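Engineer: pasting the sequence and the predicted model now:
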Amino acid sequence: MSTAPVIQVTGLRKRYGSIVAVDDVSFDVQDGEIFGLIGPNGAGKTTTMECVEGVRQPDAGRITVLGLDPIRDVYALQHRVGVQLQEAHLQKRIKVSEAIALWASLYRTSVDPRLLLEQLGLEDKRNAWFMTLSGGQKQRLFIALALINDPEVVFLDELTTGLDPQARRAIWDLVRGIRARGKTIFLTTHLMEEAERLCDRVAIIDHGRIVDIHSPAGLIRRHCPQRSVLLTTDDESAEARLRALENVAVTRADDGVLTVQGNAADLMTGVIQCLADHRIRVTDFQTVVPTLEDVFLKVTGHTIRE
Amino acid sequence: MRGLWNLTWLEVKIFVREPLGFIGTVLIPVVLFVALGRSLGERVESSSRLQGFVESDFPIFVVMLTAINAVVSLVAVIAIYREGGILKRLRATPLRPHTILTAHVLVKLIFTTMTLILLALAGRRFYPVALEVPWVSFGLALLLTTISISSIGFLIASVVPTARFAQPLGSLLLFPMLGISGLFVPLEAMPAAVQGVAHALPLTYAVSLLRGIWLGDSWMAHGWDVLGLAVVFGLCTALSSRVFRWE
């Protein structure tokens, strides 16, 4: 068994006229993981992904996917990967079953189209025209098309953009199911929640450059280790008791809410122990754990929506 | 190859599902041909000049109209597919890029053929004069013409910025070409400057070839026309393969 990365990108560059879209990007994607490229719109996510897929020619850099060159070996590679493009459409009046059948006919191997539609909850839409499908159904159809050739690597570009939360959750379950069948998944998203819930590892990209790569939890530990406890109490002694804990900062807001901050993983334990030891009556207790959103703000200096 | 037939057949089915497109492409030329032909036919006896028009130029006009219609709608389809990202999605499959575009040309050829067969059948039943035409040769000449104009269509489709402009621009370029192609006014009767322009335009050769074959000329007599259409095809295909945008 080889443990070579499924996707290797080294020194990728791409510019459009005077605008540098991707600037010296390097990363690896390992076999069987969900790898996410996260960043705001215009950060270079789609350009990077399309270079890896072989639909866009890079200006510089080395890319291998399953040991193949995406540009030179594009036709060999297309049989082994599945692609879902951002904001793609099909012919308005193509039926779901026709799209699946056409795609199935184009590949050397294909999974059973009926089974695939069933898995994606589209079996009762078989005869519906593409234009009549809802946003979530269209995305599920595009996932089906990306999976029709039983690919080893699946590319998903902004998969859940524009979907309501319920449809989004359903798609996340589908993606986890794909990984469970042993596929490697490379996705892009500007939704931090999506990256945190779905990805084994993420690369943060901003202005065409990769800022950091790690697991979501690892990124949070590295960049935003600080945890906070917010509590409300009538006990006058509470503030002084909590201050006595090691390595914490305590602040009191105008409305009386106490904030205890610290970097230690056992901050919560310390706070709870202290409250219990001194029989401090608490009327509200809230913990604030940093998210990828906070990491993004920390490492790029701006929020993902700016 | 399998991809080409599958895609072509699918696009044929999709085209038929859009009633307006189908009616516009297939039925309107037939209705126009029959209705106008009959009203002209009633006046044929009184004018020998009109007789020539009814026997050759009017049918050729309808045929050219059909071919140009097909090409204009080809331009529109390509532009719409590009704007919607459909071309890009198809290109990310094992389909070769030229297969995708060839399928669309084939679809237009299929519907053009269908229209012409309907025209011929309607003509036999309703047209005021009997037409004695070498159908096979004429069909071949028309195929050559349509493919040649299609390559102009591709060049237009390569450069139009949005789908909204595609259809008007296609019409704006192709119909005036037909106007000075010698079909309505003989080339010799035009001012010298217009004649010069006409000789540089492909539809002039198309009309000359179609009219010649229709009237029973040999292919040898129209070698220059065939060559002209072939050169247009070569030039436009080479140019558009360089400037064609997939997205």
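Structural biologist: Received the coordinates, thanks. Numbering: from 1, shown residues only, chains lettered A, B, ... in the order given.
Engineer: got any ranges where chain B has weak pLDDT?
Structural biologist: B:1, B:44-48 (pLDDT under 70).
Engineer: show me which residues of it are close to chain A?
Structural biologist: Counting by Cβ under 8 Å from any Cβ of the partner chain, the residues of chain B close to chain A are B:2-3, B:6-7, B:10-11, B:13-14, B:17-18, B:81, B:84-86, B:88-89, B:91-95. From N, CA and C alone the C-beta is placed, and that goes for glycine too.
Engineer: in strands, which of the residues you listed appear?
Structural biologist: With DSSP state E as the criterion, strands contain none of the residues of chain B next to chain A.
Engineer: just the buried ones from those?
Structural biologist: Buried subset of those (neighbour count, 16 or more other Cβ atoms under 10 Å in any protein chain shown): B:3, B:6-7, B:10-11, B:14, B:81, B:84-86, B:88-89, B:91-95.
Engineer: show me these that map onto helices.
Structural biologist: For those, membership in helices holds for B:3, B:6-7, B:10-11, B:14, B:81, B:86, B:88-89, B:91, with DSSP state H as the criterion.
Engineer: which members of these are the farthest-apart pair?
Structural biologist: Taking every pair in these and measuring Cβ to Cβ, the maximum separation is 19.1 Å, between B:Asn6 and B:Lys88.
Engineer: burial measure for B:Val62, as a count.
Structural biologist: Other residues lying near B:Val62 total 21 when counted by other Cβ atoms under 10 Å in any protein chain shown.
Engineer: go ahead and confirm it touches B:Pro29.
Structural biologist: Yes. Between B:Val62 and B:Pro29 a contact is recorded at 5.6 Å, counting by Cβ atoms under 8 Å.
Engineer: for residue 70, which non-adjacent residue is closest in space?
Structural biologist: Reading this off chain A. In space, and not counting its chain neighbours, A:Pro70 is closest to A:Gly54: 3.3 Å by Cβ to Cβ, 6 or more residues apart in numbering or on different chains.
Engineer: I was thinking of chain B, sorry if that wasn't clear
Structural biologist: That would be B:Lys108: by Cβ to Cβ, 6+ apart, it lies 4.3 Å from B:Ala70.
Engineer: in the helix or strand in which that neighbour is found, what's buried?
Structural biologist: Secondary structure from DSSP states H and E places B:Lys108 in helix B:97-126. By 16+ other Cβ under 10 Å, the buried positions in helix B:97-126 come out as B:99-101, B:103-113, B:115-116, B:118-120, B:122-123.
Engineer: flag the shaky bits of chain A, pLDDT-wise.
Structural biologist: In chain A (pLDDT under 70), the answer is A:1-2, A:306.
Engineer: let's see 50
Structural biologist: Residues of chain A that meet the criterion pLDDT under 50 lie in A:1.
Engineer: can you give me the strands in it?
Structural biologist: Under DSSP E, chain A gives strands at A:7-16, A:19-29, A:34-38, A:60-65, A:81-84, A:153-157, A:184-189, A:201-206, A:209-214, A:227-233, A:249-252, A:258-262, A:282-288.
Engineer: so for A:His302, which of the ones you listed sits nearest?
Structural biologist: Short answer: strand A:201-206, nearest of those by Cβ to Cβ, at 8.3 Å.
Engineer: run through the neighbouring helices and strands of the closest one.
Structural biologist: strand A:34-38, strand A:209-214, helix A:216-223, helix A:292-300 (3 or more Cβ pairs under 8 Å, 6 or more residues apart in numbering or on different chains; DSSP states H and E).
Engineer: list residues touching both of B:Val62 and B:Pro29?
Structural biologist: Common neighbours of B:Val62 and B:Pro29, counting by Cβ atoms under 8 Å, 6 or more residues apart in numbering or on different chains, are B:Leu119.
Engineer: and B:Arg211, which helix or strand is it part of?
Structural biologist: Per DSSP H and E: helix B:202-214 holds B:Arg211.
Engineer: dump the helix or strand that that helix is followed by to CSV, restricted to CA.
Structural biologist: Note on helix B:202-214: by DSSP H and E, the next helix or strand toward the C-terminus is helix B:223-243. Listed in CSV are the C-alpha atoms of helix B:223-243, where the atom choice follows Å, rounded to 0.1, in the frame of the first residue of the first chain:
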residue,chain,number,x,y,z
GLY,B,223,-16.0,24.9,-58.6
TRP,B,224,-15.2,28.5,-57.5
ASP,B,225,-18.3,28.6,-55.4
VAL,B,226,-17.4,25.3,-53.7
LEU,B,227,-13.9,26.5,-53.1
GLY,B,228,-15.2,29.8,-51.7
LEU,B,229,-17.4,28.0,-49.2
ALA,B,230,-14.6,25.6,-48.3
VAL,B,231,-12.2,28.5,-47.7
VAL,B,232,-14.8,30.3,-45.5
PHE,B,233,-15.3,27.1,-43.5
GLY,B,234,-11.5,26.6,-43.0
LEU,B,235,-10.9,30.2,-42.0
CYS,B,236,-13.8,30.5,-39.6
THR,B,237,-13.1,27.1,-38.0
ALA,B,238,-9.4,27.9,-37.5
LEU,B,239,-10.2,31.3,-36.1
SER,B,240,-13.0,30.3,-33.8
SER,B,241,-10.9,27.3,-32.5
ARG,B,242,-8.4,30.0,-31.3
VAL,B,243,-10.8,32.5,-29.9
